[in-house]
Structure formats: structure tokens, C-alpha cells
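Engineer: Fold the following and give me the result.
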Amino acid sequence: MKKYIPIPIILGSILISLLLIRSRPEAVAEKAEPETPFVKTMMIFPRTVQAAIQSQGIILPERELTILSEVNSKVEWVAPNMEAGSSFRQGDTLIVLDKRDYELALITAESNILNAEVNLQREKAEFELASKEWQRVGDGKGSDLALRKPQMAQAKATLAAAKANLEQAQRNLRRTVYVAPFDGRVRAKNLNAGTTVFSGTAMGIIYATDYFEVRLAVADQDVPFTGLNFDGKLIPEGDQLDVDITPSSGSGDILWPGRITRAEAEIDPITRMLALVARINNINSVLSANTPLAVGQFVEATISGIVLNDITVIPRTAVRDESAWVVDQDLRLRNRPVEIIRYEDAFALIGEGFEQGDRLLTSRMSSLVNGQQVKFDTN
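Structural biologist: Here you go, the predicted structure:
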């Protein structure tokens with residue numbers, strides 16, 4: 001009997017297993033609802049903006065003079081501040097030439113003036129005497145020579161020539177001393193005390209520090225946004241554009257204001273671009289004491305161009321293939337073709353394309369589907 005006991009047990013286990021299988025609950029398949037993604041957006045609205053044109057250039061002096069000797073002499077004295085890079089004030093004496101020869105020439109010219117005046121007075125007396133004598137003894141009209149008219153004219157011409165020589169001697173004497181005509185700096189010195197110079201010898205180069213210039217190249221796509229005619233003429237004061245000059249070193253707290261005074265009419269042979277000339281007023285500049293401008297300094301410039309109306313400014317990265325993704329007023333993604341007016345640094349200036357109620361999509365999404373429902377925080 002013991003060998004038959006496991007059989008009922010096995011049959012009972014199979015029966016219980018069948019009952020459990022038949023009585024198990026059935027899984028009901030539920031339809032999954034699509035999840036609405038949460039996105040970030042930013043408000044966009046049209047406004048008035050002023051075009052900002054970026055350029056760069058080198059500081060140049062507005063006025064630069066080459067000091068040329070106007071007389072033949074020897075250099076007697078050179079000012080200590082007549083060294084390259086040194087500054088000077090208007091009225092400072094920079095160079096003195098040996099003036100002795102020209103002082104002697106002046107004395108001679110003054111003596112000639114006295115002789116010519118005496119000679120003229122004598123000729124006047126003889127002229128009057130000859131006229132009276134001819135009226136007393138002469139018959140008819142006397143000749144010019146008998147009346148001493150040529151002698152009188154010669155005496156007058158001699159006095160005029162003596163006065164001209166005196167003026168020339170005075171001018172030559174003044175030319176032996178070169179006085180600075182403006183506040184400025186020395187670019188180059190070409191002589192020392194004892195150097196012999198001749199008329200036309202270049203003694204040095206100086207430039208004024210009251211105003212500086214910067215030549216700013218303008219890209220072709222930026223030319224229409226200046227609103228200027230590139231004709232080479234001076235721009236009237238009322239039409240001049242503002243420009244902010246900053247050092248290329250990146251010191252953002254240093255800024256020199258300037259004005260665009262001229263638009264060049266020729267294309268630069270190297271850059272193949274047109275150029276604007278900015279003028280910087282360095283007189284009584286607040287920054288001139290701590291951060292003076294230096295000729296040859298490389299600077300960057302931001303030119304304030306024309307005013308643009310009804311422009312939407314968005315990040316440049318939001319524009320792809322002349323279109324931008326937005327969330328419309330129904331909270332659906334839309335890809336809007338947009339009119340790109342221009343790019344400025346990290347921003348794009350958009351004309352037409354956006355609709356009322358659009359908000360710019362700023363979230364990064366793995367896939368973008370036109371018309372997809374989204375949600376965002378309106379706060």
C-alpha cells in the first residue's frame with residue numbers, strides 16, 4: 001500500500017494547479033495617453049532698434065606736420081622734449097638755429113631802407129625843382145627825363161625793394177626759431193645740436209593731440225545700415241554718426257566717444273572694403289588723464305547706424321535655415337519662416353514672420369514636430 005500513496009498526492013497537486021490557472025485574473029490592456037512635453041519659451045515683440053556696426057582700426061593723428069628748415073644754418077639748440085614720443089605744449093620752442101647771419105642781414109636791410117628813403121626824398125626835391133625850372137625857361141611840354149620822372153620812379157622802386165628785403169630778412173630771422181603751433185607729441189627727430197641744415201631739410205615730425213582719427217573698414221552687408229553716401233565728402237554735423245571706441249585689449253570700462261565725419265569713396269586695395277573715418281575729441285577728455293589715447297593703438301569700434309522700426313531681436317542660435325521655432329497661442333510648436341534683417345553679435349534682427357501670440361522656443365528638444373502640443377510656465 002505504501003508504494004501507491006504518492007499517486008493521489010501527485011494527482012491532487014495537478015488538480016490544484018489546474019484550478020489556480022483557470023481562476024487567475026486576466027490583464028486588461030489600457031490605452032497609453034501621450035505625455036505633453038514641458039518647454040521653456042521667451043516673449044518676443046517688435047520694437048525700434050538702432051543698427052550697431054562693428055569695426056576696428058588704428059588711432060591716427062588728425063594733424064601731422066613734418067618740420068622743414070626754411071633757411072640754411074646750423075642747429076644751435078634742440079629742446080629736451082624734442083624726442084620721439086615726448087609731449088609739448090603750444091608755444092614751446094622746439095628748435096633754434098644759428099641766427100647770427102640773419103641778424104646781420106636784417107641790419108643790412110634796415111640800412112638799405114634808410115638809404116632808399118633818403119634817395120627818394122632827394123629825388124622828390126630835384127623833381128619839384130626841375131618842374132619849376134622848366135616852367136620858367138622851357139617851351140612846350142618837357143621830356144620825362146628832363147623832368148626827372150624816371151629818376152623819381154626808380155627811387156620809389158628802390159625803396160619798395162628795400163622794404164621787401166627787410167621783410168624777407170625779418171622772416172628769415174623768425175625762421176631760425178621753431179615754435180610748436182599746437183599741443184602735441186613728437187613722432188621723429190632727425191637732428192641734433194651742431195647739425196647743418198639747408199632749406200628743405202626735414203628736421204622732425206610732430207602731430208597734434210587735440211583730435212585723433214580712426215579709419216574703420218565697413219563690410220559690404222553693413223554699408224546700407226550706415227545710411228551714408230560713400231562719396232569722400234565731409235559729413236554735415238547733423239548727419240554724423242556716433243561711434244564708441246574701446247581698446248582691443250578688452251577693457252570694457254574704457255570708452256572714447258567719437259563721431260563719423262567722413263565716408264571714403266575708394267575701396268581699400270587690401271581689404272576690398274569701404275571705410276568710414278571717425279574723429280575723437282581728446283580735448284578735456286575725462287579719460288585722457290588715466291587712459292590717454294596713443295597713436296598706433298589698435299582699437300575696436302561700435303558705430304550707431306540707422307534706426308530700424310518693428311524689429312524683433314532674438315538669439316542668433318534660434319534661427320535655422322531662415323526659420324525659427326515658436327509656441328503659438330494654442331500651445332503648439334510652429335516653425336515660422338522669418339525675414340532676417342541682419343545679424344549683430346549673438347543676436348538676429350527679424351523683420352516679418354512671427355504672428356500674434358507667438359513665444360520663442362528656447363528649450364533643446366530631441367525632436368521637433370510642427371503642431372505638437374506643449375506646455376510652459378507662463379510666469
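Engineer: and the residue nearest to residue 55 when sequence neighbours are not counted, what are its phi and psi?
Structural biologist: Once flanking residues are discounted, residue 55 sits nearest to residue 216: 3.9 Å by Cβ to Cβ, 6 or more residues apart in numbering. From N, CA and C alone the C-beta is placed, and that goes for glycine too. Dihedral pair for residue 216: phi -110, psi 120, per degrees, to the nearest 10.
Engineer: ok, now the one 5 residues further on?
Structural biologist: Geometry field for residue 221 lists phi and psi as phi -70, psi -20, criterion degrees, to the nearest 10.
Engineer: is it true that it touches residue 342?
Structural biologist: Yes. With contact defined as Cβ atoms under 8 Å, residue 221 counts as touching residue 342 (7.1 Å).
Engineer: These two: which has the busier surroundings?
Structural biologist: Neighbour totals were compared for residue 221 and residue 342, and residue 342 leads with 19 against 10 (other Cβ atoms under 10 Å).
Engineer: The more buried one falls within a strand, correct?
Structural biologist: Yes. Applying DSSP: H, G, I helix; E, B strand; the rest coil, one finds residue 342 inside a strand.
Engineer: Next one: it from residue 107, what distance?
Structural biologist: Look at residue 342 and residue 107: by Cβ to Cβ, to the nearest Å, they are 73 Å apart.
Engineer: how many neighbours does residue 308 have?
Structural biologist: By the criterion of other Cβ under 10 Å, residue 308 has 17 neighbours.
Engineer: residues contacting residue 270?
Structural biologist: By Cβ atoms under 8 Å, 6 or more residues apart in numbering, the contact set of residue 270 is empty.
Engineer: Same check on the one 5 residues further on?
Structural biologist: Residue 275 is in contact with 215, 216, 217, 218, 263, 264, 268, counting by Cβ under 8 Å, 6+ apart.
Engineer: give me phi/psi at it?
Structural biologist: Torsion angles, degrees, to the nearest 10, at residue 275: phi -140, psi 150.
Engineer: confidence score at it?
Structural biologist: The model reports residue 275 with a pLDDT of 94.
Engineer: What's opposite it in the beta bridge?
Structural biologist: On the basis of DSSP bridges, residue 275 is bridged to residue 217.
Engineer: same question, residue 373
Structural biologist: As for beta bridges, residue 373 partners with residue 332 under DSSP bridges.
Engineer: how many other residues sit next to it?
Structural biologist: 13.
Engineer: do the same with residue 340
Structural biologist: Residue 340 sits with 15 neighbouring residues when counted by other Cβ under 10 Å.
Engineer: likewise the one 4 residues further on?
Structural biologist: As a burial measure, residue 344 scores 18 neighbours (other Cβ under 10 Å).
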